[in-house]
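[1] coords below, sequence missing:
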């Protein structure tokens, strides 16, 4: 059996390795359009490569995917996060699971993962060709023909796996639409919020470990660490919100109002009670010196100033109005979002080949026999934390079975 894998990234390599695992006698060729292999693996996680997530509950794991939750739930039963960790450890790649569930190689270096893939590909005799961008795919007498962007000779295969990654524009997926696949328009996912008019950017570098963020006028909500940046806000809470709100925020041209609950307590009465407790305990202390919920000092001073209260005011002098001002700012602080910032080479897209065009039991195309899909070329994307790599490993493993 002659198999072509289109795409020399995470999903492409894992699919090729899976083919050789399930069909040792097959001939497998990886075609990569650029000169770089596993480019996203190299830069992911700040060069450390967040290979998967430590979550082993399949139903909980599937909830990390704004697109693809249902079909992935079934797919994870075939190849789970535990299977991923076992796969790497069997190949002498030590892993560490962080407190937040992110899984990294022990070396904290993405090159360890790349070296593992290259070693396995060489051991199994997988052919790897770079500078070979595919621009057309055709079927004839049960075979699949690949045409290339540059003047290379057409090549024919028994089966083809497409693992080209996310395409930022629909034009990059037209060749798949031409074969009869439905395409969901690609829009960015996993981006940070730009807040050019907000003075909070002066607090860049501050992290609030447990924040709740929502978008006014929508049902979008997210919780987790929030990072203040020189352009606005980032961190897992914002990135998660951007993933689940990818289409809504795109339709709003990335202009909205973000509501921040700095204290991770949705009940205003509870926060008011906490303020009353501070007043009872430290009546003569000034506002600036006692931080509710152990908020970062600079953020607390910023919020006092924003509330219009004097930082030198004593807690016992707050009064009902003052208490209400503080409670509102702690639980419902509003910021204008105008635009987004994506992570360039690390971009993640919402959109791609529609899941309705794919049989998830095999990852085979429903419209073109012997054609399979793996990774982000499909309308699948996860939140930050190793989830996007996990969906790549799972779909690639299943595609490689070629059933």
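    Perfect, I can see it now. This one's a predicted model, so the numbers in the text were calculated from it and none came from an experiment. Residues are numbered from 1 along each chain as shown.
[2] May I see the buried residues of the strand or helix carrying residue 303?
    Counting by DSSP states H and E, the element that carries residue 303 is helix 297-307. Residues 299, 300, 301, 302, 303, 304, 307 are the ones in helix 297-307 that count as buried (16 or more other Cβ atoms under 10 Å). Every residue, glycine included, has its C-beta placed from N, CA and C.
[3] Which residue, other than its chain neighbours, is closest to the last one?
    If I follow you right, that is residue 307. Of all residues beyond its chain neighbours, the one nearest residue 307 is residue 325 (4.4 Å), with distances taken as Cβ to Cβ, 6 or more residues apart in numbering.
[4] Settle this for me: the one you found is touching residue 310, isn't it.
    No - judged on Cβ atoms under 8 Å, residue 325 makes no contact with residue 310 at a distance of 11.8 Å.
[5] If you count surrounding residues, which of these two has more?
    Legend: neighbour count by other Cβ atoms under 10 Å for residue 325 and residue 310, higher for residue 325 (18 against 14).
[6] and the residue nearest to residue 307, helix, strand or coil?
    helix (DSSP: H, G, I helix; E, B strand; the rest coil).
[7] let's have the chain start at 736 instead
    All right, first residue 736 from here; so that's residue 1060.
[8] Can you show me the strands along the stretch 1036-1138 of the chain?
    Per DSSP state E, counting those that start in this stretch, the stretch 1036-1138 of the chain carries strands over the ranges 1068-1073, 1075-1076, 1083-1088, 1093-1094, 1099-1100, 1106-1108.
[9] can you give me the angle the first one makes with helix 1032-1042?
    With axes from the mean of the first three to the mean of the last three Cα atoms, to 10 degrees as the basis, strand 1068-1073 and helix 1032-1042 are set at 90 degrees to each other.
[10] Please identify the buried residues of strand 1068-1073?
    Within strand 1068-1073, judged by 16+ other Cβ under 10 Å, the buried ones are 1068, 1070, 1072.
[11] Now find how far off-centre the helix holding residue 1038 is within its chain.
    Relative to the chain's own centre, helix 1032-1042 is displaced by 32 Å; criterion: Cα atoms, centre = their mean, to the nearest Å.
[12] Next: stretch 889-900.
    26 Å.
[13] hang on, the earlier thing: could you export the buried residues of helix 1032-1042 as TSV, including distance to residue 970 and pLDDT?
    Shown next, in TSV, are the buried residues of helix 1032-1042 (distance: Cβ to Cβ, whole Å; pLDDT from 0 to 100):
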residue	distance to residue 970	pLDDT
1034	13	98
1035	18	98
1036	20	98
1037	17	98
1038	18	98
1039	23	97
1042	23	96
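[14] I'd like these as TSV, with distance to residue 1123 appended.
    Below are the buried residues of helix 1032-1042 laid out as TSV (distance: Cβ to Cβ, whole Å):
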residue	distance to residue 1123
1034	31
1035	35
1036	38
1037	34
1038	35
1039	40
1042	40
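[15] Nearest to residue 759 among the residues you listed?
    Each of the buried residues of helix 1032-1042 was checked against residue 759 using Cβ to Cβ; the closest is residue 1034, at 58.0 Å.
[16] Excluding sequence neighbours, find me the nearest residue to the closest one.
    In space, residue 1034 is closest to residue 941, 5.5 Å off (Cβ to Cβ, 6+ apart).
[17] What segments of the stretch 786-935 of the chain are helices?
    793-797, 804-813, 816-825, 846-858, 909-912 (DSSP state H, counting those that start in this stretch).
[18] contacting residues for residue 1001?
    947, 1066 (Cβ atoms under 8 Å, 6 or more residues apart in numbering).
[19] Name whatever forms a beta bridge with residue 1113.
    residue 1088 (DSSP bridges).
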